[in-house]
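In: Quick check, what structure comes out for this input:
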Amino acid sequence: MKYIRLIIITDFTIPISMETSTYYFILFFIIFLFLKNNLQRINKRFPPSPGLCLPIKKPLYRTLAELSDKYGPILYVRYGSRPVILVSSPSAAEECFTKHDVAFANRPKLLAGKYLGYNYTTISWASYGSHWHNLRRIASVKLLSSNSLQMFHGICADEIWEEAKRFQQIVAESIQLTGVTNIGDFIPVLNYVGVSRLEKKLVILQKKKDKFLQDLINQHRQKQSDSASEQMSKTMVDVLLSLQGTEPEYHTDEIIRGMMHVSYLTTR
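Out: The predicted structure follows:
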């Protein structure tokens, strides 16, 4: 019978710096991902894959094109902990958004969506499901229908223009920070090492954006208290506040701020 001898060291005499321990922790995590990736592929059908691959050579599109030329039009790679399907065939890409559209409908939970997407609750960050369907219904029926647009006519453009001018800097920062790659989105363990500079910027931007949008909501809420304002045409914010009156538990100020933010992003 064979025995396995286990030696436990309880006292280290060699000091280990924080940088060294972080390095070994990341190395262990990468090895863990590699083993997990290979175990998951057993008895499962996956497209061709180069293995544990995180292409970082610039420009990225050339690296991806080289991989597609080598492995085929549909390729399976892993960006850290995230599985990625690389599709370079137009017909296959069309099939992804027709026959298999539900499978590709979910949004990845990236750091930007946590702060700018109100913890993934806006229509642009929410995953496919009942909440997303409800937001889509509100946008298509209450905000973008022909009747709604006719009601907004004459005031919508002026309202959006005046408010968007004040909101322009926040919108520009939102677009810029959303496009920044956060390595912690692909190697989550790095999020626990320390708060990144990107996250600090997102927190500051979120507070600035929330203050602007909440002040705007409060202004429209105050106007609605005037009986004369009920006879006037309603703005987009007024419509959202009226929905809050019927379903206050769902149409919270946070949901309204998210709808407003997405609307201003699309009018930039």
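In: pull the longest helix from this protein.
Out: Criterion DSSP state H: the longest helix present in the chain is helix 197-224.
In: which parts of that one are buried?
Out: 198-199, 202, 205-206, 209, 212-213, 216-217, 220, 223-224 (16 or more other Cβ atoms under 10 Å). In short, each C-beta sits where N, CA and C put it, glycine included.
In: neighbouring contacts of stretch 190-206?
Out: 22, 26, 111-112, 114-116, 170, 173-174, 177, 180, 182-184 (Cβ atoms under 8 Å, 6 or more residues apart in numbering).
In: repeat for stretch 136-144
Out: Contacts of stretch 136-144 (Cβ under 8 Å, 6+ apart): Ile123, Ser148, Met236, Val239, Leu240, Leu243, Met259, Ser263.
In: Could you tell me which residues within it count as buried?
Out: Here stretch 136-144 shows Ile138, Ala139, Lys142, Leu143 as buried, counting by 16+ other Cβ under 10 Å.
In: do stretch 172-192 as well
Out: The neighbour-count check on stretch 172-192 (16+ other Cβ under 10 Å) flags Glu173, Ser174, Leu177, Thr178, Asn182, Ile183, Gly184, Asp185, Phe186, Ile187, Val189, Leu190 as buried.
In: Could you list the low-pLDDT ranges of the stretch 151-268 of the chain?
Out: 151-164, 194-195, 226-233, 266-268 (pLDDT under 70).
In: Tell me how far Asp101 lies from Ser145.
Out: Using Cβ to Cβ, to the nearest Å, we find Asp101 at a distance of 23 Å from Ser145.
In: Oh, that last question was meant for Val239, not what I typed.
Out: 11 Å.
In: Which one's more surrounded, those two?
Out: Between Val239 and Ser145, counted using other Cβ atoms under 10 Å, the more crowded position is Val239 (19 against 12).
In: List of residues touching the one helix or strand the more buried one maps to?
Out: Assigned by DSSP states H and E, Val239 belongs to helix 236-246. With Cβ under 8 Å, 6+ apart as the test, helix 236-246 has contacts from 138, 142-143, 148, 152, 156, 159, 216-217, 220-221, 223-224, 234, 251-253, 256, 259-260, 263.
In: Mind listing what's buried along it?
Out: Buried-residue list, helix 236-246, by 16+ other Cβ under 10 Å: Met236, Val237, Asp238, Val239, Leu240, Leu241, Leu243, Gln244.
In: could you dump that helix to CSV, C-alpha only?
Out: Presented in CSV, the C-alpha positions along helix 236-246 are these (Å, rounded to 0.1, in the frame of the first residue of the first chain):
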residue,chain,number,x,y,z
MET,A,236,-40.9,62.2,-21.0
VAL,A,237,-40.1,62.7,-17.3
ASP,A,238,-43.8,63.5,-16.6
VAL,A,239,-44.8,60.2,-18.3
LEU,A,240,-42.3,58.2,-16.2
LEU,A,241,-43.5,59.9,-13.0
SER,A,242,-47.1,59.1,-13.9
LEU,A,243,-46.1,55.4,-14.2
GLN,A,244,-44.5,55.7,-10.8
GLY,A,245,-47.9,56.9,-9.4
THR,A,246,-49.5,53.6,-10.6
